[in-house]
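Build me a structure from this.
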Amino acid sequence: MRKISLSVLGMYFSILSAFSQTTVDSSQYKSKRLTVDEINFVSGYYHQDGNHSAVTGGVGTENLTDFANTIELKMSKYDSKLRKRSLGLEMGIDHYTSASSDKIDPRTISSASMSDTRFYPSASWSIQNEEKRTTFGITGAFSKEYDYTSYGAGLNFTKASKNNNREFTAKLQTYFDQWKVIYAYELKPAGYGSGAEHDDRTLFNSPRDSYSGSFSLSQVVNQRLQIAIVAEPTYQHGLLATKYQRVYFTDGSERAETLPGSRFKLPLGIRANYFLGDRFILRSFYRYYQDNWGLKAHTIDLEMPVKLTSFVSISPFYRFYSQNAVTYFAPYAQHDASENYYTSDYDLSKFTSNYVGAGIRLAPPKGVFGIQQWASAELRYGHYSRSDGLQSNQLSLHIKLK
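Residues are numbered from 1 along each chain as shown. Alright, predicted model coming up:
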């Protein structure tokens, strides 16, 4: 039930990396036992504040704090046909507290939505044929919190050119979600449950299905420049409105947020990495986004890792984002009562944002602090600011063991 800004999602815990082209000599010895390739641990802290909470109709506190931890285990083996089989297991858990969500029922000392814990395991399996330069994989995911349960599944395929300078990747993903429909206390139907602890009255469940694809073509242009183009169409169907978010109208009336039951999104992007020598890499990304709710957006990402020594690097980064408002948005008490769809969620309003920060990465040849298996450690901090006043700070630590 968290209310983290949609424009912030995707930046939280982002560990950006350059393209890599790797070839393996199949004549070398290959173990047929399942071995651990690496273990990744990411721990993060996120805090935001603002004054446009959608729970209270576009006004009020957006204060929220989130702590998250994920651990990922990557294993692989080679079969009798010298195909690489990989297995990935990931476990994540995060806990948040939200002052804005607690306003769903302000009569209580602490409503059920003031805090929650999300649990989200996932697994992936792939088989890589180095001779044919193809990789095929499947994924499965699960996520659970108080009012929300999600099941996900996906397929992916990669094909590289003979010289490994060109690569095409296609991914298909689907999520089947179930929401417990919770209303603001004054908008609940008669006899309907509040969702609070010890309230056993009925809550309706409503589905939301998402289908997405990701298609990318990357190309090594020369020794210094690598580029990629990306398209990520998404279709959603089901309950897309958040019913505990209030909307106020010009005639003084109040209703629960109501939005169309389907949405099609089409992001298109281009990524370019330029190697400026042994110490500098310029990573850049531009994305254009459009959907059938009337939202159009532009994103520009820049990052420049700088190698200070053979095993210490810093990575300053900057992101600019701009969007217009969806057709159905209006601020507090500015909707007309005759409208069919309405929201005062400022994530769907017109705004611009800036996200700036830096990371520092340690990867000593003998391991971090002399521990051979501790391959690297990266600490990243970012500050986000939005033109409507929303501010957030994010801190993440990424540890890799091999």
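
Quickly find the element holding Q128.
strand 115-129 (DSSP states H and E).

Okay, buried residues for that strand please.
115-116, 118, 120, 122, 124, 126, 128 (16 or more other Cβ atoms under 10 Å). Bear in mind the C-beta positions are built from the backbone N, C-alpha and C, glycine included.

buried ones in the helix or strand containing I229?
Here I229 sits within strand 225-231, counting by DSSP H and E. Neighbour counts using 16+ other Cβ under 10 Å place 226-228, 230 of strand 225-231 among the buried residues.

got these as a markdown table, with distance to T174 columns?
Below are those laid out as a markdown table (distance: Cβ to Cβ, whole Å):
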| residue | distance to T174 |
| --- | --- |
| Q226 | 30 |
| I227 | 29 |
| A228 | 24 |
| V230 | 19 |
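
before we move on, the earlier item: over the strand holding I229, what's the mean pLDDT, rounded is fine.
When pLDDT is averaged over strand 225-231, the result is 97.

Paired strands for that strand, with orientation please.
Taking DSSP bridges as the criterion, strand 225-231 forms sheet pairs with strand 205-220 (antiparallel), strand 262-275 (antiparallel).

picking that back up, out of the buried residues of strand 225-231, which is nearest to A190?
Set against A190, the nearest of those by Cβ to Cβ is V230 (49.3 Å).

Go ahead and confirm the closest one touches I270.
Yes - with contact defined as Cβ atoms under 8 Å, V230 reaches I270; the gap is 7.3 Å.

what about stretch 174-194, start to end distance?
In stretch 174-194, first residue to last residue: 30 Å (Cα to Cα, to the nearest Å).

switch to numbering from 137
Renumbered: residue one is now 137, and that last one reads stretch 310-330.

tell me how far it is from the chain's mean position?
In terms of Cα atoms, centre = their mean, to the nearest Å, the centre of stretch 310-330 is found 25 Å from the chain centre.

Repeat that for stretch 399-407.
Offset of stretch 399-407 from its chain centre (Cα atoms, centre = their mean): 15 Å.

Buried residues, it. List them.
Here stretch 399-407 shows 399, 401, 403, 405, 407 as buried, counting by 16+ other Cβ under 10 Å.

pLDDT of that stretch, averaged?
The model assigns stretch 399-407 a mean pLDDT of 98.

what about the stretch 187-336 of the chain, any weak spots by pLDDT?
Counting by pLDDT under 70, the stretch 187-336 of the chain has low-confidence residues at 236-237, 243-250, 332-333.

which stretches of it form strands?
200-214, 220-234, 251-265, 270-281, 284-296, 302-316 (DSSP state E, counting those that start in this stretch).

Out of those strands, flag the one nearest Y371.
Taking the strands of the stretch 187-336 of the chain one by one with Cβ to Cβ, strand 302-316 is closest: 9.9 Å.

Pairing partners for that closest one, with directions?
In the sheet, strand 302-316 lines up with strand 284-296 (antiparallel), strand 341-356 (antiparallel) (DSSP bridges).

Any chance of the ones you listed in TSV with distance to K536 as columns?
Below are the strands paired with strand 302-316 laid out as TSV (distance: least, Cβ to Cβ, whole Å):
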stretch	distance to K536
strand 284-296	22
strand 341-356	23
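
Between the ones you listed, which one is closest to L526.
strand 284-296 (22.6 Å).

Only the buried residues of stretch 171-187, if you could.
174-176, 178-180, 182, 184-186.

swap in stretch 183-202?
Quick answer for stretch 183-202 (16+ other Cβ under 10 Å): 184-186, 188-200, 202.

what about stretch 307-326, start to end distance?
First-to-last residue span, stretch 307-326, Cα to Cα: 45 Å.

try stretch 402-421
16 Å.

Contacts for that stretch next, please.
Applying Cβ atoms under 8 Å, 6 or more residues apart in numbering, the external contacts of stretch 402-421 come out as 152, 154-155, 354, 359-370, 422-427, 435-443.

List buried residues within the residues you listed.
Buried, going by 16+ other Cβ under 10 Å: 354, 362-364, 366, 368, 370, 423, 425, 427, 435, 437, 439-441, out of the contacts of stretch 402-421.

quick one: which two of these are the most distant?
Among the buried ones among the contacts of stretch 402-421, D427 and P441 lie farthest apart (Cβ to Cβ), at 32.8 Å.

Just confirm N176 contacts L533, I think it does.
No - counting by Cβ under 8 Å, N176 does not reach L533; the two are 11.1 Å apart.

Now render the strands paired with strand 361-367 as a markdown table, adding distance to I417.
Shown next, in a markdown table, are the strands paired with strand 361-367 (distance: least, Cβ to Cβ, whole Å):
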| stretch | distance to I417 |
| --- | --- |
| strand 341-356 | 14 |
| strand 398-411 | 6 |
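
I'd assumed H534 was in contact with A513.
Yes - using Cβ under 8 Å, A513 is in contact with H534, at 7.2 Å.

Minimum distance to D524: which of the strands paired with strand 361-367 has it?
Taking the strands paired with strand 361-367 one by one with Cβ to Cβ, strand 398-411 is closest: 21.7 Å.
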